[in-house]
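> pasted the sequence and its predicted model underneath.
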Amino acid sequence: GAGVSQSPSNKVTEKGKDVELRCDPISGHTALYWYRQSLGQGLEFLIYFQGNSAPDKSGLPSDRFSAERTGGSVSTLTIQRTQQEDSAVYLCASSLGGTVRREKLFFGSGTQLSVL
Amino acid sequence: GENVEQHPSTLSVQEGDSAVIKCTYSDSASNYFPWYKQELGKGPQLIIDIRSNVGEKKDQRIAVTLNKTAKHFSLHITETQPEDSAVYFCAVPSYGQNFVFGPGTRLSVLP
């Protein structure tokens, strides 16, 4: 595709329900990132995938959060037993990937999650 | 871990004036410094970046300057236009391959 695609664009759920957010990165990009952005705030790192390496999960705020990346492409971020404080925009980004920390990130438009 | 700050948090300028946003970081090993622009309802978009081996880079009306000794870099926008109104984030590579983003600067260009 032309860019990073995220779905759904908006998700409203009830407290305690599980949600799945999807990210389709740019074709050929081996690195994939998830960030969370609360209203009017900066970007909070959640998790990073690079090729077949073990993901960097150091940013996940609790064990209710998990993410998978199947076949080195599409990624799903799952939030179990959602809480109101999980309400935020969840942003996915991809990059070409590599061994040097000089990567240009390409972001999707995000999923706005609202937990009632 | 890496600590990234931005100043100011909000900035209003008249159309045609210049805008400067400063980003400070803590890890002296950082060697790549990007700036992202986020418009309402969209994800951040890279607008300019600089490597540690140069002190300044320009791209039309935008420029980035780097002071590695003082551990800060700045975004300069000249001849501002209404479409420059957005939130701007600096970012710094952190441990591993992820990036730490600054808290953002909301720029408003007044017609």
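That came through, no problem.

> let me see the backbone angles for the residue of chain B found nearest chain A.
Using C-beta to the nearest C-beta, the single residue of chain B nearest to chain A is B:Gly43, 3.1 Å away. The C-beta positions use only the backbone N, C-alpha and C, and glycine is treated the same way. Backbone torsions of B:Gly43, given as degrees, to the nearest 10, read phi -80, psi 160.

> is it correct that it is in contact with A:Leu91?
Yes: in this structure, B:Gly43 is within contact of A:Leu91 by C-beta atoms under 8 Å, at 5.4 Å.

> next, count neighbours for the spatially closest residue to A:Ala31 that is not a sequence neighbour.
What sits nearest to A:Ala31 in space, not counting adjacent residues and going by C-beta to C-beta, 6 or more residues apart in numbering or on different chains, is A:Gly97, at 3.7 Å. The tally of other residues near A:Gly97 (other C-beta atoms under 10 Å in any protein chain shown) stands at 17.

> in contact with residue 36, which residues?
Reading this off chain A. Residues in contact with A:Arg36, defined by C-beta atoms under 8 Å, 6 or more residues apart in numbering or on different chains, are A:Leu43, A:Glu44, A:Leu46, A:Ala88, A:Val89, A:Tyr90, A:Leu91.

> that's the wrong chain, I wanted chain B
Residues in contact with B:Tyr36 (C-beta under 8 Å, 6+ apart) are A:Leu105, A:Phe107, B:Pro44, B:Gln45, B:Leu46, B:Ile47, B:Tyr88, B:Phe89, B:Cys90, B:Ala91, B:Phe101.
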